[in-house]
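J.: how would this look folded up:
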Amino acid sequence: MADETTSSAPGSPVAPRTTEVPAAVPPALTAAPGYQVRRLYQAYLAVWVRAVDPTLTGPQFAVLTAVDTTPGRDQRSMASAVALDTSTMADVARRLESRGLIVRRTDATDGRRKLLFLTEDGERTLRAAQERVRRLDERLMAPYDAAQRAAVMRLLTSLADHWEGLAGES
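T.: So this is what the prediction gives:
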C-alpha cells in the first residue's frame, strides 16, 4: 500500500491519503470453479439491485414467477420448482405475503399445506420486474451471439444439475 501526503492549503494540517493496490488473486482461487461462481453471483447481485429492483430479490422474483405460472400450488412444491430449501421458501413466502404480493391459503384437504397465489400488487410487481429482468439478461449475455448464449446456458444448467446432485449425496 502506498501512502501519499496532501495538504489543501499552506499551513493546514497534513492529511494522509492512501492508495490501495489490489491484492493479486492466488492462482489456487482462480482455478477453483466455486470461486468463479461466487464472483459471478456477487456481481449478479450488485447488478440486480441497480437494474431490476433494490427490494425484490432474485429468489422473490423466482417465487412470484412460479406462483404466476402455477397459482395454487403448495409452498413445498414451489420451493422445489425455484431451487430453494423449504425453510428459505417459508421465509421468502412470509416476506412476499407481508409486502402484499402473495397470499398463502391453507389447503382445505391438508391443513399443513400452504397454497400460494399472487395478489393484484404481486401481479403488477412481477410484470414491472419481468421487463427489467429481460433487459438485465440481455446485458449479461451481450458478449455472446445466439449460439454461444445457448451453449453457455447448457453449460450453466449442466453444472447446476451436477452440483445439486453432489449436494444431495449423503
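J.: quick check, A23 in a strand?
T.: No - assessed with DSSP: H, G, I helix; E, B strand; the rest coil, A23 is coil; it does not lie in a strand.
J.: How much space separates it from T30?
T.: 13 Å (C-beta to C-beta, to the nearest Å). Bear in mind the C-beta positions are built from the backbone N, C-alpha and C, glycine included.
J.: Show me which of these two is the more surrounded one.
T.: Set A23 next to T30 and count neighbours by other C-beta atoms under 10 Å: T30 wins out with 11 against 6.
J.: okay, now the nearest residue to that one once chain neighbours are set aside: neighbour count?
T.: Nearest residue to T30, sequence neighbours excluded (C-beta to C-beta, 6 or more residues apart in numbering): Q36, at 7.5 Å. A total of 12 residues lie near Q36 under the criterion other C-beta under 10 Å.
J.: same question, the one 3 residues further on
T.: Look at R39: counted by other C-beta under 10 Å, it has 13 neighbours.
J.: any idea which element it lies in?
T.: Per DSSP states H and E: R39 is located in helix 33-51.
J.: list the contacts for the residue positioned nearest the centre of the chain?
T.: Geometric centre of the chain, nearest residue: G58, 3.7 Å, by C-alpha atoms, centre = their mean. Contact partners of G58, counting by C-beta atoms under 8 Å, 6 or more residues apart in numbering, are 44-45, 48.
J.: Show me the helices in this protein, by range?
T.: 27-30, 33-51, 58-69, 75-81, 86-98, 120-140, 146-168 (DSSP state H).
J.: so which of the ones you listed is the most packed in?
T.: helix 58-69 (a mean of 19; mean count of other C-beta atoms under 10 Å).
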